[in-house]
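> with the sequence up front, the predicted model follows.
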Amino acid sequence: MQRSTERILTTHVGSLPRPDDLIEMLGREDRGESVDDTALWARTTEAVAASVKDQVAAGLDVVCDGEVGKMAYHVYAKHRLSGLGATDGTGVPGRKPPRDMQDFPELGTSSLGGGGPELLQSTVCNAPVAHADLAPLERDVANLRAAADAAKPHDVFMNAASPGCLRTYVPNSYYSSNDEYLEVLVEAMRPEYNAIHKAGFVLQLDCPDLAGSRHTDHQDLSEAEFLVMAEKNIEALNAATSDIPADALRMHICWLNYSGPHTHDLPVSKLINLLGRARPQALLFEGANPRHEHEWEDWQAAKIPDDKILVPGVIDSTSNFVEHPVLIAQRLGRYADIVGRERIIAGADCGFSTYAGRKAVFPSVVWAKFRAMAEGAHIATERLWG
């Protein structure tokens, strides 16, 4: 993971708006309906090339494929692992609404964003899990490599779901315990992680389980019980990436990407010590939205390992406000004061299209936010380097 040695670098979390026709094809694939694979792959290749080109043009330094070939950050795994499949919900406990949304029932589901999880089939573990097919990843790697060769970004990353993410959001209805399921996921996902590293990309592990699941899927656990589970998920992540150098890894945590009240979000102060024990060098986290911007003080008060790079969100991923570049520079300056200017990279709170088709932030606004972030990073660079 490259540091901001001469200027503040910019990046984002991963998912970006997809073309409507590609979303329609991805949806058919997700539902197991007939789809022309050749047409789908060709359209995905075009979309990745356009996405990477647009990212570089907007001023992003460390880019990815926008996850445009995936329906969502976790269910894509069912196309690569055996033992994961669609379900009608039989035998799987129902999901409660987020804890904060229960306090404000008049919001209904409107704040969760249109075109979200309802577009997806429920996916569960219902058979023995193992890595089954590297071909989808190989296509993703080839698309991103070709796009990066053409657009020439500063650096490139690729997303993958962490074992704990899958253990949480692709629930277990086969193994005798969730701990056993987690151990199997470590070995099942290891080939994907190693292949991304071998391709020369920085591997980003997506870990919404470490924060967001506290007030959603695990809202009935005590805080102590949740933190024990989170520690197990970090241990699993460490084991699954043991073949990859820490400086080739980054991890993203979030409190889930919706514009609800978030009044039950677990404070980051409860997680910082755990995050410090995770192998990835770069930590991506929310720092721009009204519920978490103040937490720079918690990072300031913490003992952060000397090898960690902080990638705070300096633009919100749920609002159509375009942040002022000076505000972005101010946010970056706070974190630079904590760990030094070389250990800071500008990022976004979360992805802008966590589920294909979700447009909580309109595509044109997404690119305007990125341009503002690049300008803000330039201002911060002038202030920090003089």
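Now that the structure is in, tell me what you want to look at. Numbers count the residues shown, from 1 in each chain.
> need the contact list for His262.
Asp100, His215, Trp255, Asn289, Arg291 (Cβ atoms under 8 Å, 6 or more residues apart in numbering). Quick note: C-beta positions are derived from backbone N, CA and C, even for glycine.
> so which of those is surrounded by the most neighbours?
The most neighbours of any of those, using other Cβ atoms under 10 Å, belong to Trp255, which has 28 neighbours.
> right, and that residue touches Pro290 too?
No - taking contacts as Cβ atoms under 8 Å, Trp255 lies outside contact range of Pro290: 12.0 Å.
> flag every buried residue along the longest helix along the chain.
Secondary structure of the chain per DSSP state H: the longest helix is helix 363-385. Neighbour counts over helix 363-385 (16 or more other Cβ atoms under 10 Å) mark 365-381, 384 as buried.
> stretch 135-145 too?
Buried-residue list, stretch 135-145, by 16+ other Cβ under 10 Å: Pro136, Leu137, Arg139, Asp140, Val141, Asn143, Leu144, Arg145.
> cool, stretch 160-174 as well?
160-172, 174.
> same check on stretch 338-346?
Ile338, Val339, Arg341, Arg343, Ile344, Ile345, Ala346.
> go on, stretch 240-260?
So for stretch 240-260, counting by 16+ other Cβ under 10 Å, buried means 240-241, 244, 246-260.
> what's the answer for stretch 277-297, then?
Neighbour counts over stretch 277-297 (16+ other Cβ under 10 Å) mark 278-289, 291-293, 295-296 as buried.
> what about that stretch, start to end distance?
End-to-end distance of stretch 277-297: 20 Å, with Cα to Cα, to the nearest Å as the criterion.
> now do that stretch: distance to the chain's middle.
Distance of stretch 277-297 from its chain centroid, counting by Cα atoms, centre = their mean, to the nearest Å, is 13 Å.
> do the same with stretch 38-55
The answer for stretch 38-55 is 20 Å, by Cα atoms, centre = their mean.
> what segments of the stretch 1-150 of the chain are strands?
9-10, 62-63, 81-87, 122-131 (DSSP state E, counting those that start in this stretch).
> most neighbours per residue, which of those strands?
strand 9-10 (a mean of 27; mean count of other Cβ atoms under 10 Å).
> what's next to that strand, contact-wise?
2-3, 59-62, 154-155, 345-347, 370, 373-374, 377.
> name whatever forms a beta bridge with the residue nearest in space to the middle of the chain.
Closest residue to the average C-alpha location of the chain: Asp206 at 4.2 Å, with Cα atoms, centre = their mean. Asp206 has these beta-bridge partners by DSSP bridges: Ala161, His252.
> how much space between it and Asp306?
To Asp306, Asp206 is 25 Å away according to Cβ to Cβ, to the nearest Å.
> quick one: which of the contacts of strand 9-10 is nearest Glu180?
Nearest to Glu180 out of the contacts of strand 9-10 is Gly347 (Cβ to Cβ; 34.6 Å).
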